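Participant: Can you look at this prediction? I've put the sequence above it.
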Amino acid sequence: MGILEHTGWEKLLELMEAEARQKNAPVYEFRKHVSTPFRALVAVLLSSRTRDETTLEAVKRLFRRADTPEAMLALSEQEIAGLIYPVGFYRSKAKRLRELARVLLKEHGGRVPESLEELLRLPGIGRKSANVVLSSAFGKNAIAVDTHVHRLSNRLGLVSTSSPAETEKQLHRLVPEELKSRLNTTFVAFGQTVCKPVKPSCGSCPLAEHCPGAR
DNA sequence: AAAACGGGGGC
DNA sequence: GCCCCAGTTTT
C-alpha cells in the first residue's frame, strides 16, 4: 500500500504545503520576486547549486540594474559578477547570464520563448530549468525534476529509480495534469523544511505513518 | 577540515 | 553515465 492510496494527490500536496508554509519554506518568498518570465529564467540559472535565500539576495540586487535582456547585455561580465553576490560561481554564472541575454535578443527578440525545445536551446538552461520556467512563469503543466522532487518522489515510494529522467517520466504518468505545476513548488518547499536531504524530520512529519522512507 | 548543496555541459 | 565546474554553507 503506497501513500497515495491513503491520501490521493490533492490531499498529499495539501498536507505537505500546510507543513511547509508553517515552517516558512524559502521557496515561497523566492517565487514572489521572480514571477515574470525573464526574472524566472535569470533566477533559475543563478540558483544552480545555490539555496533560494542566497539566490534571492542576488536577484533583488541584480534586477535593480538589469531587469531586461538589453540591460543585462549592457553590463560587463565583471559588473554582473559583482551584482550576483553571494551565489558563488561568479565567472561562469556572469558569463552565462550575459550570453543568455545576447541569445534572447538575437534569437527571440528579447522575449523568453514558451516551448520546452526553444528553452533548452538557450545557453545555461537545461531540462530542469526549462521546466521551472514553463511552470512558474508560463503556468504550463510542466514537471521540473530537481533534487528535491527526485529525492521526495523516491522516499515516498511514488517512483523507484536513481535516474531523474525516469522520475520525470513516471511522475508524468502518475500526477493529474492540473496538479503537475503545483507539485514542483510543494515538493521543493517540503524538501527544504521537512524531508531534507540530510536528517529529515521524520519524527514530526505528517506523512511518516505511510511513508516507506520514514525512519 | 570535510562534506553538502546542485544543475549544466562536455565527453 | 561520469566527470568537471568552483563559492558558500553546514556539519
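Facilitator: That came through, no problem. Residues are numbered from 1 along each chain as shown, chains lettered A, B, ... in the order given.

Participant: what about stretch A:18-31 and DNA strand B, touching?
Facilitator: No: counting by Cβ under 7 Å from any atom of the strand, DNA strand B is not contacted by stretch A:18-31; separation bottoms out at 9.7 Å. No exception for glycine: its C-beta is placed from N, CA and C like everyone else's.

Participant: One more: stretch A:187-206?
Facilitator: Yes: contact of stretch A:187-206 with DNA strand B (Cβ under 7 Å from any atom of the strand) involves A:196-198.

Participant: Now the residue nearest to the spatial centre of chain A: closest residue in space, sequence neighbours ignored.
Facilitator: Closest residue to the average C-alpha location of chain A: A:Val132 at 5.2 Å, with Cα atoms, centre = their mean. Among residues not flanking A:Val132 along the chain, A:Ala144 sits closest, at 4.4 Å (Cβ to Cβ, 6 or more residues apart in numbering).

Participant: who in chain A is up against DNA strand C?
Facilitator: Proximity of chain A to DNA strand C (Cβ under 7 Å from any atom of the strand) is limited to residues A:49-51, A:54, A:85-92, A:163, A:198-199.

Participant: What are the boundaries of the strands in chain A?
Facilitator: Read by DSSP state E, chain A holds no strands at all.

Participant: domain parsing for chain A?
Facilitator: A:3-24+A:142-210, A:36-136 (automatic domain parsing).

Participant: Between the ones you listed, which one is closest to A:Phe30.
Facilitator: Each of those has some distance to A:Phe30 by Cβ to Cβ; the shortest is domain A:36-136, at 4.2 Å.

Participant: end-to-end on that closest one?
Facilitator: Domain A:36-136 has an end-to-end distance of 9 Å (Cα to Cα, to the nearest Å).

Participant: Could you do stretch A:112-126 as well?
Facilitator: End-to-end distance for stretch A:112-126: 15 Å, by Cα to Cα.

Participant: coming back round to it: ok, the residue nearest to A:Val132 - how many residues close by?
Facilitator: For A:Ala144, the tally of surrounding residues (other Cβ atoms under 10 Å) stands at 25.

Participant: and if you look at A:Gly8?
Facilitator: A:Gly8: 12 surrounding residues under other Cβ under 10 Å.

Participant: Roughly how far does A:Glu118 sit from A:Lys95?
Facilitator: Per Cβ to Cβ, to the nearest Å, A:Glu118 is found 21 Å from A:Lys95.

Participant: Spit out the contact partners of whichever residue of chain A sits closest to DNA strand C.
Facilitator: Across chain A, the shortest distance to DNA strand C (Cβ to the nearest atom of the strand) belongs to A:Gly88, at 2.5 Å. Shown in contact with A:Gly88 (Cβ atoms under 8 Å, 6 or more residues apart in numbering): A:49-50.

Participant: Of the residues of stretch A:187-206 next to DNA strand B, which is the most crowded?
Facilitator: Highest neighbour count within the residues of stretch A:187-206 next to DNA strand B: A:Lys196, with 13 neighbours (other Cβ under 10 Å).
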